[in-house]
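Undergrad: here is a sequence together with a model predicted from it:
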Amino acid sequence: QVQLVESGGGLVQAGGSLRLSCAASGRTFTFSNYYMGWFRQAPGLEREFVAAVSWSGGTTHYADSVKGRFAISRDNAKNMVYLIMNSLKPEDTGVYYCAVRNAVGNTWSALGYDYWGQGTQVTVSS
């Protein structure tokens, strides 16, 4: 079993920044073997892809809506993945989830991820 715990959410004004963190753990879980992703979900909407990072951190993927503003990274020594969010907009508001992608999963789809954290709320005021 894998446990993911997100932190770092909060209320911020438009144009502000936040850094989200996700701590991963599990008795037989080797963090560096898995792609990690961030998704978000606004009220009444489906969960959407935000960003993902490869096993070593050398490859990253972003949704068009956050490209140039958000940055995903990971620290395999600490079993941590981060999402730095700059130039935040009200439409970035939602619950942000950290997730572990399965071996053959679609990086861009929630269906490609097997384990999820409980989420952290991000609210951007205008």
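TA: Received it, and whenever you're ready, just let me know what you need. Residues are numbered from 1 along each chain as shown.
Undergrad: please make it C-alpha for all contacts and neighbour counts, starting now.
TA: Fine.
Undergrad: pull the contacting residues for C98.
TA: By Cα atoms under 8 Å, 6 or more residues apart in numbering, the contact set of C98 is L4, V5, E6, C22, M36, G37, W38, F39, W116, G117, G119.
Undergrad: any quick PyMOL command for the buried ones out of those residues?
TA: Under the burial definition 16 or more other Cα atoms under 10 Å, those of these that qualify are selected in PyMOL by:
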select buried, resi 4+5+6+22+36+37+38+39+116+117+119
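Undergrad: want to throw the contacts of C98 into JSON lines with pLDDT and secondary structure?
TA: JSON lines is the format used below for the contacts of C98 (pLDDT from 0 to 100; DSSP: H, G, I helix; E, B strand; the rest coil):
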{"residue": "L4", "pLDDT": "98", "secondary structure": "strand"}
{"residue": "V5", "pLDDT": "98", "secondary structure": "strand"}
{"residue": "E6", "pLDDT": "98", "secondary structure": "strand"}
{"residue": "C22", "pLDDT": "98", "secondary structure": "strand"}
{"residue": "M36", "pLDDT": "98", "secondary structure": "strand"}
{"residue": "G37", "pLDDT": "98", "secondary structure": "strand"}
{"residue": "W38", "pLDDT": "98", "secondary structure": "strand"}
{"residue": "F39", "pLDDT": "98", "secondary structure": "strand"}
{"residue": "W116", "pLDDT": "98", "secondary structure": "strand"}
{"residue": "G117", "pLDDT": "98", "secondary structure": "coil"}
{"residue": "G119", "pLDDT": "98", "secondary structure": "coil"}
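Undergrad: of the contacts of C98, closest to T28?
TA: Proximity of the contacts of C98 to T28 (Cα to Cα) peaks at L4, which lies at 13.9 Å.
Undergrad: I'd assumed A23 was in contact with the closest one.
TA: Yes. L4 lies in contact with A23 (Cα atoms under 8 Å); the separation is 5.6 Å.
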